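Trainee: Pasted the sequence and its predicted model underneath.
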Amino acid sequence: MAFGSLFRRGPAGGRILVAFASQTGAAERVAWLSANALSRSAKNLVRVAALGGLAAEDLGDAGILLVVTSTYGAGEAPDSARAFVRKQMAQTPALKGIAYAVLALGDRKYDATFCGFGRGLDRWLASGKAKRLAPVVCVDGDDDTDAMTKWCEQLTRLGASTSVEQLMPGAPQDWTLAERRLLNPGSPGGEAWHIALAPKDPSQLNWTAGDIAEIWPRNPQTEVEAFLARHKLDGGLSFRWAGHWMFLRDIIAHCRLPQDHEVEGISLDWLVERLEPWGLREYSIASLPASGRMELLVRKAVKDDGSLGLGSGWLTHTSTIGGVVSLRLRPNPNFHAPPDGPQILIGAGTGMAGLRAHLLYRAQKKLGDAWLLFGERSPACDLFHGEDIKGWQADGTLARTDLVFSRAQSRGQYVQQLVAENRAEIARWVERGASILVCGGLKMAAGVEEALVAILGEDRLDQMTQDGLYRRDVY
Ligand SMILES: Cc1cc2nc3c(=O)[nH]c(=O)nc-3n(C[C@H](O)[C@H](O)[C@H](O)COP(=O)(O)OP(=O)(O)OC[C@H]3O[C@@H](n4cnc5c(N)ncnc54)[C@H](O)[C@@H]3O)c2cc1C
Ligand SMILES: Cc1cc2nc3c(=O)[nH]c(=O)nc-3n(C[C@H](O)[C@H](O)[C@H](O)COP(=O)(O)O)c2cc1C
C-alpha cells in the first residue's frame with residue numbers, strides 16, 4: 001500500500017498528520033477523506049500514514065495529529081496496529097507541543113469494549129502531554145451521522161472544507177438475487193449457501209479480491225406494501241434518512257416494522273424518526289467482477305429460539321429470487337492481494353469466500369505457487385466449491401492443497417492443527433517470500449495465529465503484517 005510519507009523535521013504549524021488503523025477499510029476511508037478535505041485549505045500541509053508504520057517520535061513531529069481508528073477482537077487494535085500497541089504504547093510518549101483528536105470507529109453491540117482501542121489511544125496520547133483538541137468522537141456503525149457531524153465540525157475548525165454527507169459512506173445500490181443454492185446438504189454444521197447477485201447498474205461490477213459486501217436486510221415487499229396500505233401511507237414520499245434522501249417505501253423496507261399501536265395518531269415525520277433500522281451485515285465477496293455477478297458464501301444463522309439471523313436468514317431464506325438486495329461495496333485494502341509471489345491461503349467454513357476471490361485472481365493472472373489449507377466439518381458434505389479446487393489443482397494455481405475435516409471418522413482435525421503440523425514447510429514457504437492470507441471465524445484465526453507465532457515468531461509476523469504479507473479477513 002502506498003501511504004504519504006512523513007514530514008521532515010521542522011517547525012510545527014499547519015502540518016497535519018492523519019494516521020489510521022483499520023481492519024476492514026472503514027477507518028482508512030474516513031482518514032483519506034478527512035485528509036483530502038483538510039488539504040483543500042492552502043494553510044495546511046497534510047500527510048496520511050498507517051499508524052502501525054509510525055513510531056512515537058513520528059507522532060511528536062506532527063503539529064496536529066488526527067487519528068482515525070477502529071476497534072477489533074475485544075477492545076483491541078486492528079491487525080496493522082498491534083505491533084504499535086506492543087512496542088510504542090508500552091511507554092509514555094513525549095508529545096508536548098502537539099495537538100490531537102481521535103475518531104474511534106466501533107459498534108455498540110460490543111458494549112464494554114465499544115471503541116475501546118480508540119479510547120485507549122486517546123488516553124495514551126494525553127499521557128504524553130499532547131493537547132486534546134476535542135473529546136474522542138465514538139462512531140457506532142457505518143451510518144452514525146451524529147458522530148460524523150462532530151468529526152466534520154472538528155475538521156472544519158482546522159480549515160477543512162467538507163460536509164458530513166461527503167464523509168458518510170454512499171447509499172446502498174439495488175442488486176437482484178440471481179441464484180441461491182445450498183452447498184452442504186446433510187451437513188452436521190449450519191447450512192452454507194451460495195448466493196449470486198446481479199447489479200441493476202453494471203458499473204457496480206467494480207471491486208477487488210478481498211473487498212466486502214455490506215448487505216442491508218429488507219422486509220419482504222408484500223409486508224411493506226401491506227403496512228403502507230393499512231396505515232394509508234404514501235410510499236412514494238421522500239424523507240432524509242440515515243444521511244440519504246429515500247422513499248418512505250424503501251425506509252420502511254429497511255426497518256423493524258412497527259406494531260399498529262406504535263403508528264396510530266403520530267405524525268409521519270415522527271414515525272420516520274422513530275423507525276428502528278435493521279443493521280448492515282458484512283460478507284466477504286467470493287467472486288471477481290469478470291464473472292458478471294457477485295457471489296457470496298453465507299452460513300444461515302439459527303438462534304436458540306429457532307428464528308433465523310437477520311442478515312443470513314434474509315439472504316438464504318426470506319428474500320426471493322429476482323427480488324431486490326440493497327448492497328454497498330466496501331473496499332478492504334487490508335485484505336487486498338499482497339505483491340505477486342508464493343502464497344499460503346488458510347481458512348475454515350465461510351472463510352472459503354474470501355480465499356476463493358484470491359484464488360480466482362491468482363488463476364486469472366496464472367500466478368501458480370499457492371498452497372490452500374482449509375478446514376470444515378464433514379468430508380462428505382462440506383467441501384464448498386470442491387469443483388473450483390479441482391480446477392485450480394489441474395491448472396497449476398494450487399501447488400498444494402490440504403483439506404481437514406473436524407468430523408472425519410478416521411482423524412478429525414482443525415485447520416490450526418494442520419498449520420502447526422506443517423511448521424517446517426510453512427517456514428520454507430515464508431523464507432522464499434510467501435504471503436499468508438487468513439479468512440474465516442475469529443476462533444479459527446486466533447488458533448492459526450498462535451501456530452504461526454510458534455513457527456515464525458512474533459517479530460517476524462509483525463514485520464510480515466507491516467509489509468502487507470500477512471493479511472486477515474476475520475469475523
Ligand atoms: C468482515 C466480515 C466478513 C464476513 N464474511 C462473512 C461471510 O463470508 N459469510 C458469512 O456467512 N458470514 C460472514 N460474516 C458474518 C456476517 O456479517 C453476519 O454476522 C452473520 O451472517 C450473522 O448475521 P445475522 O444477521 O444472520 O445474524 P444475527 O441476527 O446478527 O445473529 C447472529 C448470532 O447472534 C446470536 N443472536 C442474535 N440475536 C439473538 C437473540 N435475540 N437471541 C439469541 N441469540 C441471538 C445468535 O447466535 C445468532 O446466530 C462476516 C462478518 C464480517 C465482519
Ligand atoms: C470481529 C470483530 C470484532 C469487533 N470488536 C469490536 C469491539 O470490541 N468494540 C467495538 O467498538 N467495535 C468492534 N467491532 C466493530 C468495528 O470496530 C467497526 O465495524 C468498525 O467500523 C470497523 O472499521 P474498520 O473497517 O476501519 O476496521 C468489531 C468488528 C468485528 C468484525
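Mentor: That came in fine, so what should we check first? Ligands and ions are numbered 1, 2, ... in the order given.
Trainee: For residue 362, see how far away residue 395 is.
Mentor: Applying C-beta to C-beta, to the nearest Å, the value for residue 395 to residue 362 is 10 Å. Where C-beta positions appear, they are placed from N, C-alpha and C, glycine not excepted.
Trainee: Of these two, which one has the most company?
Mentor: When residue 395 and residue 362 are compared on other C-beta atoms under 10 Å, the one with more neighbours turns out to be residue 362, at 21 against 11.
Trainee: so what's the more buried one up against?
Mentor: 337, 343, 368, 370, 397 (C-beta atoms under 8 Å, 6 or more residues apart in numbering).
Trainee: which one of the residues you listed is nearest ligand 2?
Mentor: Ligand 2 lies nearest to residue 337 out of those, by C-beta to the nearest ligand atom, at 18.2 Å.
Trainee: any idea how far residue 407 is from the closest one?
Mentor: In this view, residue 337 and residue 407 are 32 Å apart by C-beta to C-beta.
Trainee: Show me what residue of the protein gets nearest to ligand 1.
Mentor: Minimum separation of the chain from ligand 1 (C-beta to the nearest ligand atom) falls at residue 309, amounting to 2.2 Å.
Trainee: Report how many residues lie close to whatever residue of the stretch 151-300 of the chain ends up closest to ligand 2.
Mentor: Here the residue of the stretch 151-300 of the chain nearest ligand 2 is residue 282; by C-beta to the nearest ligand atom that distance is 7.1 Å. Burial measure for residue 282: 16 neighbouring residues, criterion other C-beta under 10 Å.
Trainee: Is it in contact with residue 216, as I believe?
Mentor: No. The pair residue 282 and residue 216 fails to qualify as a contact (C-beta atoms under 8 Å) at a distance of 10.9 Å.
Trainee: partners of the strand ranked longest in the chain, with directions?
Mentor: Of all the segments assigned as strand in the chain under DSSP state E, the longest by residue count is strand 173-182. In the sheet, strand 173-182 lines up against strand 192-199 (antiparallel), strand 324-330 (antiparallel) (DSSP bridges).
Trainee: Could you identify which of those strands has the lowest mean pLDDT?
Mentor: If the strands paired with strand 173-182 are sorted by mean pLDDT, strand 324-330 sits at the bottom with a mean of 94.
Trainee: Name the surrounding residues that touch it.
Mentor: Outside strand 324-330, the residues within contact range by C-beta under 8 Å, 6+ apart are 24-26, 169-177, 197, 204, 206-207, 211-216, 218, 221, 254, 280, 282, 294, 315, 319.
Trainee: In strands only, show me these.
Mentor: Counting by DSSP E, the part of the contacts of strand 324-330 found in strands is 173-177, 197, 212-216, 282, 294.
Trainee: Could I get the contacting residues of residue 46?
Mentor: By C-beta under 8 Å, 6+ apart, the contact set of residue 46 is 4, 15, 16, 17, 18, 35, 38, 39.
Trainee: 10 Å instead, please
Mentor: Listed by C-beta atoms under 10 Å, 6 or more residues apart in numbering, the contact set of residue 46 reads 4, 7, 14-18, 34-40, 64, 66, 158, 160.
Trainee: residues near the nearest residue to it once chain neighbours are set aside, how many?
Mentor: Across the structure, with C-beta to C-beta, 6 or more residues apart in numbering as the measure, the residue nearest residue 46 apart from its sequence neighbours is residue 39 (4.3 Å). By the other C-beta under 10 Å criterion, the neighbourhood of residue 39 contains 18 residues.
Trainee: Does residue 39 touch residue 47 like I think?
Mentor: Yes. When contacts are counted by C-beta atoms under 10 Å, residue 39 is listed as touching residue 47 (9.3 Å).
Trainee: Next, work out how far apart the residue of the stretch 101-250 of the chain found nearest ligand 2 and residue 96 are.
Mentor: Sorted by distance to ligand 2 under C-beta to the nearest ligand atom, the residues of the stretch 101-250 of the chain start with residue 106, at 2.3 Å. Noted for residue 106: a distance of 29 Å to residue 96, by C-beta to C-beta.
Trainee: now the residue of the chain closest to ligand 1: how far from residue 75?
Mentor: Computed with C-beta to C-beta, the distance linking residue 309 and residue 75 is 24 Å.
Trainee: just residue 173 next, same as before
Mentor: Distance from residue 173 to residue 75, counting by C-beta to C-beta: 33 Å.
Trainee: coming back round to it: dump the residue contacts of the residue nearest to residue 46.
Mentor: Listed by C-beta under 10 Å, 6+ apart, the contact set of residue 39 reads 4, 16, 18, 45, 46, 47, 48, 159, 160.
Trainee: In strands only, show me those.
Mentor: When the contacts of residue 39 are checked against strands using DSSP E, the ones located there are 16, 18, 45, 46, 47, 48.
Trainee: Which of residue 106 and residue 96 has more residues huddled nearby?
Mentor: residue 106 (24 against 10).
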